[in-house]
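Colleague: my questions concern the predicted model and sequence given below.
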Amino acid sequence: MSSSSVNPDSSARKLGLRAVALSHLAVTRSIQQSLEDGEMSVGQMLPAERVLSMKYGVSRSVIRQSLQELEELGLIRQAPNCRPVIVRLGPKAPVVEKTADQIAVWISPDMEDFGAVKMLEGIRRVLGLEQLQLIIGCPSSKDTVEVRSAVNQFVQSLLDNPHLGGTILWAISDPALTPAYQRLSDAGVPVVYIDREPPESISADMVATNHRRAARNAVRHLIELGHRSIAMVANDDPASSVRDRIAGYREAMAEAGLPAGPEKIFEVSSVSQTRLRMDSESAVHRLFALQTPPTAIFTVNDTVAIYLQESIERTGRQVPRDVSLVGFDWMLRWLPSGGELTSVAQPFDEIGELAARCLLERIASTAPPIHRHTLLEAPVIVRRSTGTPMNSSLGTIPASSENR
C-alpha cells in the first residue's frame, strides 16, 4: 500500500494532543475537531496508535475505540497493518445514506481527439447498463500551469464528492501531478488507469494497448518490405506509452541486426500544432542529411506522421516512392477508405469497455485489491504509405489489404 511520509510526532503536534487521561469519546471529539479545523488534510495518515496513546495518556484499546468511531463517522479509512488515512475533514451528515452512483473520467487529450471519443463510447456502453452517471474532465489547454491546476481541481472535486464510486484516469505524465493521483489512492478511491501506466509509486489497475509489441510489429512490417535504414520520430511526451513504442522500435531493429542508435531517433514537440509543424520540417531536413538517409520512418502517432508527410512532400520526395511512413493509432479509420496511412490500430473502444468493467469489479469487491495490468493487441493496418524501397532486391508485398 502506498503511503505519504508523515512524521508521527509532528502529526501529533498538529492535532494538539495532550498527555492527559481521556475517555475514547473525548479522544474522538478532539481528533474530529482537529480535522474539521483543517489541521490535517485528506489523504494524510494519522499518527501511530503508540503515539496517540502516549500523547493522550490512554491505553491503545481506548485509541482503537476512537479510531473505530472515526471510521464509522466516515472521517478515516483503516486497513490491516496500516495507519489510518484521513478521507474526510468533517463528519458524515446524519441523513439518508447516499448512493455512490457517479463515475469520473479524466481524459488527457481534448474531447475532439478520436481516441478519447472512442474510449468514452466504450465506457458509456458499460456504465449506461448500470445506470451510472458519468463525470468527464479534460484540460482546456496544453499550458503546463493550467493543466496542473485543472488536474488538482478535478481530483479535489472527486475527494469531496459523496456520490463518487470510482474513477478512470487517462493520466498526464507529469511528476508534479503524482501527489494528486496519490491522494486518490490514499483516500481509497477505486481507480483504473487507461492508455499509460500509473506513476511508479502508485499500485492500480491499468488497461492499455500493448504499445511495445505493436510498435515492434509495425517496424517488422517495414523490415519485411526490404527496408534496412529505418528511422523513428517520437515526441516529447514522457508517457509510458511513448517509451514503450520507442522500445518496440529498438527491439525490432535489434532482431534484424539493424542500427537504431540515437542518430536514428528524432523528437518533435507536442506542445502545439505550430511547433509540431516547425519540428517536422527540421526533422525531415536532418533525416535526409544523414550519411545513410532512411527509406522508411516509424512515427510515434498518426498526427506526427501526417505532419512529416507534408514536410517530406515539400522537399519533392513522395510517400511511399522515396520513403515509407507508418503511424500509430489509426485515427483515419473513420474515413470510408480508412485513409492512406499505414498505422497501428489501437482498440480505443475496447480499452474503454474493459476499463469500465474493471472499475465496476473493483468497486464491488470487498477483498484486498490485487491490481492487474491488461494489455490489448493492436494490429498493423497496411495502407498506401508503405511499400518496398527503391532498388530493393525483395519482391513487392501487396500493401492494400494486409492486416498484421
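Modeller: Looks like it came in fine.
Colleague: now the residue lying closest to Ala180 once chain neighbours are set aside: which helix or strand?
Modeller: If the residues on either side of it in the chain are set aside, Ala180 comes closest to Val155, at 4.5 Å by Cβ to Cβ, 6 or more residues apart in numbering. Every residue, glycine included, has its C-beta placed from N, CA and C. Assigned by DSSP states H and E, Val155 belongs to helix 144-159.
Colleague: next secondary structure after that helix?
Modeller: Counting by DSSP H and E, the element after helix 144-159 in chain order, helix or strand, is strand 164-169.
Colleague: can you give me the strands in the stretch 301-404 of the chain?
Modeller: Under the criterion DSSP state E, counting those that start in this stretch, strands of the stretch 301-404 of the chain are mapped to 324-329, 342-345, 373-376, 380-381.
Colleague: report the distance from the third one to the chain centre.
Modeller: It stands for strand 373-376. Centroid displacement of strand 373-376 relative to its chain, using Cα atoms, centre = their mean, to the nearest Å, is 13 Å.
Colleague: on that earlier part again, any idea of the mean pLDDT in the helix holding Val155?
Modeller: Looking at helix 144-159 alone, the average pLDDT works out to 93.
Colleague: and stretch 75-90, by the same measure?
Modeller: Rounded mean pLDDT across stretch 75-90 is 80.
Colleague: show me the shaky parts of this structure.
Modeller: Applying pLDDT under 70 to the chain picks out residues 1-24, 90-99, 391-404.
Colleague: domain assignment for it?
Modeller: According to automatic domain parsing, the chain is divided into the following domains: 8-86, 102-209+349-376, 211-346.
Colleague: picking that back up, now do the same contact list for the residue nearest to Ala180.
Modeller: Contacts for Val155 were tallied using Cβ atoms under 8 Å, 6 or more residues apart in numbering; they are Ala180, Tyr181, Arg183, Leu184.
Colleague: closest to Phe288 among those residues?
Modeller: Tyr181 (41.8 Å; Cβ to Cβ).
Colleague: for the closest one, give its distance to Pro198.
Modeller: Tyr181 is 7 Å from Pro198, where distance means Cβ to Cβ, to the nearest Å.
Colleague: need the overlap of contacts for the two.
Modeller: Counting by Cβ under 8 Å, 6+ apart, the contacts common to Tyr181 and Pro198 are Leu169, Ala171, Val191.
Colleague: for those residues, give me CSV that also has neighbour count and distance to Pro47.
Modeller: Shown next, in CSV, are the shared contacts of Tyr181 and Pro198 (neighbours: other Cβ atoms under 10 Å; distance: Cβ to Cβ, whole Å):
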residue, neighbour count, distance to Pro47
Leu169, 26, 30
Ala171, 25, 31
Val191, 24, 26
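Colleague: can you put those in a markdown table and add distance to Ile381?
Modeller: As requested, the shared contacts of Tyr181 and Pro198 are arranged in a markdown table below (distance: Cβ to Cβ, whole Å):
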| residue | distance to Ile381 |
| --- | --- |
| Leu169 | 28 |
| Ala171 | 27 |
| Val191 | 32 |
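Colleague: now do the helices in the stretch 101-250 of the chain.
Modeller: Per DSSP state H, counting those that start in this stretch, the stretch 101-250 of the chain carries helices over the ranges 114-129, 144-159, 178-186, 211-224, 240-255.
Colleague: also the stretch 251-400 of the chain?
Modeller: Using DSSP H, counting those that start in this stretch, the helices assigned to the stretch 251-400 of the chain run over residues 273-287, 302-314, 348-364.
Colleague: give the buried residues for the shortest one.
Modeller: Looking back up the chat, that one is helix 302-314. By neighbour count, and taking 16 or more other Cβ atoms under 10 Å as the criterion, the buried residues in helix 302-314 are Asp302, Thr303, Val304, Ala305, Ile306, Tyr307, Leu308, Gln309, Ser311, Ile312.
Colleague: can I get those in TSV with distance to His371?
Modeller: Conversion of the buried residues of helix 302-314 to TSV gives the following (distance: Cβ to Cβ, whole Å):
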residue	distance to His371
Asp302	31
Thr303	31
Val304	32
Ala305	34
Ile306	36
Tyr307	37
Leu308	37
Gln309	40
Ser311	42
Ile312	43
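Colleague: nearest to Glu255 among these?
Modeller: Ala305 (22.9 Å).
Colleague: my read: that closest one touches Trp330, true?
Modeller: No. Under the contact definition of Cβ atoms under 8 Å, Ala305 does not touch Trp330, with a separation of 10.6 Å.
Colleague: joint contacts of these two?
Modeller: Listed contacts common to Ala305 and Trp330 are Leu341, Ser343; contacts here mean Cβ under 8 Å, 6+ apart.
Colleague: now Ser354: how far from Asn161?
Modeller: Actually, residue 354 is Leu rather than Ser. When distance is defined by Cβ to Cβ, Leu354 is 24 Å away from Asn161.
Colleague: ok, those two, which is more surrounded?
Modeller: Leu354 (21 against 16; other Cβ atoms under 10 Å).
Colleague: how near is the more buried one to Ala171?
Modeller: 17 Å.
Colleague: cool, Phe298 as well?
Modeller: To Ala171, Phe298 is 25 Å away according to Cβ to Cβ.
Colleague: Asp113 too?
Modeller: Distance of Asp113 to Ala171, given as Cβ to Cβ: 15 Å.
Colleague: next: Arg77.
Modeller: Here the distance between Arg77 and Ala171 works out to 22 Å (Cβ to Cβ).
Colleague: touching, Val189 and Leu164? I think so.
Modeller: Yes. Between Val189 and Leu164 there is a contact under Cβ under 8 Å: 6.8 Å.
Colleague: return every residue with contacts to both of the two.
Modeller: Between them, Val189 and Leu164 share these contacting residues under Cβ under 8 Å, 6+ apart: Leu158.
Colleague: put the alpha carbons of stretch 218-236 into CSV.
Modeller: Presented in CSV, the C-alpha positions along stretch 218-236 are these (Å, rounded to 0.1, in the frame of the first residue of the first chain):
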residue,chain,number,x,y,z
ALA,A,218,5.0,-2.1,-37.2
VAL,A,219,8.7,-1.9,-37.7
ARG,A,220,8.9,-5.6,-38.6
HIS,A,221,6.4,-4.8,-41.4
LEU,A,222,8.9,-2.3,-42.8
ILE,A,223,11.8,-4.7,-42.5
GLU,A,224,9.8,-7.4,-44.3
LEU,A,225,9.3,-5.0,-47.2
GLY,A,226,13.0,-4.8,-47.5
HIS,A,227,13.8,-1.6,-45.6
ARG,A,228,17.2,-1.5,-43.9
SER,A,229,17.5,2.1,-43.0
ILE,A,230,14.6,2.9,-40.7
ALA,A,231,14.3,6.0,-38.5
MET,A,232,11.8,6.8,-35.8
VAL,A,233,10.2,10.2,-35.0
ALA,A,234,8.9,10.3,-31.4
ASN,A,235,7.5,13.2,-29.4
ASP,A,236,8.4,14.8,-26.1
